[in-house]
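Peer 1: okay, sequence plus prediction incoming.
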Amino acid sequence: MGAAGATGGATLRSLAALGAPARALSRDPERLAATLDRDLDASARPLVEPVFADAADPESLRTALRGAHQLFLTMANGPHQVEHELRTIGVAGECGVEHVVKISAPTAEPLSPVAVSRGHHRVEEHLRASGMAATVLRPYAFMQKLLLLAPGIAAAGVVHGAMERARCNYVDVRDIGDIAADVLTRPELAGGTYELTGGRAYSHPELAELIGELLGRPVHYVDLSPEELRAHLVTRAGMPEWLATHVVEIQRLAVLRKEEPDPTISRLTGRVPRTLPAFLEEHLPLFR
């Protein structure tokens, strides 16, 4: 569920690489099919079946989940995320799904300072009480989200934030997809809660310096107050209010709670996680 998103797409590619069949649920299965035709090898494409499903429509969920044994659940953060995930878990239980792998968030706690994480805690607790096997993945900040900084860096050589010098864990969604595929195909991993990070945490000043070194020109970090950053994200970046608030909350969380890399990806895959310098190098033309 959420096959058209970043983690959903990465998980589909990882499952296909393992030869594991999957049903890819989307509100626009024709568009998803076109994406899969482009992204998957011809030999892997038949393993993935795009199917219509809408989390707001229980009957479509019942049709899509019928006969499924496992559910990978990843949905975009948003005002209706908790409602949609709770409904999907309920329908999955009705349809005989035996194992759910949920994408959650760091500090998924009832009193987390991040509203989205409080929502994830509620869904996690509901899932654990459902009677199905429950595996929870808690990835930190996606490297892919850093591409949103590219226009500001290309135009003015500036990164804005409200993190002071606190370090943030970044993780490539392709590593998340690999771990998700592992827990869906290795029964011994089911039932765990896994924190997912890259191999090193970076502060925003370090991030700006790294991008500058790769570009061969200065890139500066401008530290704002939380209120200033929220206003900047709404007025300059065009973010909706709830999303701007979420970005500020997760940046302030890094200030309040020191972030350190977690070895889970290396422990489960036997290799080091993808690195931030390699990711930025891969996408460097967007920052020029």
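Peer 2: Cool, the structure landed.

Peer 1: only C-alpha atoms for contact and neighbour calcs from this point on.
Peer 2: OK.

Peer 1: and the closest residue to I153 other than its chain neighbours, how many neighbours does it have?
Peer 2: Leaving aside its sequence neighbours, I153 sits nearest to F287 (C-alpha to C-alpha, 6 or more residues apart in numbering; 6.0 Å). F287 has 21 neighbouring residues, counting by other C-alpha atoms under 10 Å.

Peer 1: contacting residues around F287?
Peer 2: For F287, the contact set (C-alpha atoms under 8 Å, 6 or more residues apart in numbering) comprises 150-151, 153-154, 215.

Peer 1: same check on D28?
Peer 2: Contacts for D28 (C-alpha under 8 Å, 6+ apart) come out as F52.

Peer 1: so what pLDDT did it get?
Peer 2: The score at D28 is 96. That number is its pLDDT.

Peer 1: domains of this structure?
Peer 2: Per the record, the chain has its domains at 6-139+173-196+260-270, 140-172+197-259+271-288, by automatic domain parsing.

Peer 1: next SSE after the helix or strand harbouring Y202?
Peer 2: Taking DSSP states H and E as the definition, Y202 sits inside strand 201-203. Per DSSP H and E, the first helix or strand lying C-terminal to strand 201-203 is helix 204-215.

Peer 1: pull the residues that contact that next one.
Peer 2: Outside helix 204-215, the residues that reach it (C-alpha under 8 Å, 6+ apart) are 158-159, 161, 163-167, 218-221, 277, 280-281, 284, 287-288.

Peer 1: downstream neighbour of that helix in the secondary structure list?
Peer 2: By DSSP H and E, the next helix or strand past helix 204-215 is strand 220-223.

Peer 1: note down every partner strand of that next one and its orientation.
Peer 2: Counting by DSSP bridges, the strands paired with strand 220-223 are strand 158-161 (parallel).

Peer 1: for the nearest residue to V222 once chain neighbours are set aside, give its distance to L73.
Peer 2: The shortest distance from V222 to any non-neighbouring residue, by C-alpha to C-alpha, 6+ apart, is to H160 (5.0 Å). Distance, H160 to L73, by C-alpha to C-alpha, to the nearest Å: 32 Å.

Peer 1: try Q81
Peer 2: Computed as C-alpha to C-alpha, the Q81 to L73 distance reads 11 Å.

Peer 1: what strand or helix carries M163?
Peer 2: Judged by DSSP H and E, M163 forms part of no helix or strand.

Peer 1: send me stretch 261-270 as PDB with only the CA atoms.
Peer 2: Taking C-alpha atoms only, stretch 261-270 is exported to PDB below (Å, rounded to 0.1, in the frame of the first residue of the first chain):
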ATOM      1  CA  PRO A 261      23.700   6.300  13.300                       C
ATOM      2  CA  ASP A 262      22.100   2.900  13.900                       C
ATOM      3  CA  PRO A 263      23.800  -0.300  12.700                       C
ATOM      4  CA  THR A 264      20.600  -2.100  11.700                       C
ATOM      5  CA  ILE A 265      21.000  -1.800   7.900                       C
ATOM      6  CA  SER A 266      24.600  -3.200   8.100                       C
ATOM      7  CA  ARG A 267      23.500  -5.900  10.500                       C
ATOM      8  CA  LEU A 268      20.600  -7.100   8.300                       C
ATOM      9  CA  THR A 269      22.100  -6.700   4.900                       C
ATOM     10  CA  GLY A 270      25.800  -7.400   5.500                       C
END
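
Peer 1: who does the top strand by length along the chain touch, helix- and strand-wise?
Peer 2: When the chain is scanned for its longest strand (criterion: DSSP state E), the result is strand 133-139. Secondary-structure packing of strand 133-139 (3 or more C-alpha pairs under 8 Å, 6 or more residues apart in numbering; DSSP states H and E): strand 99-103, helix 115-128, helix 173-185, strand 193-196.
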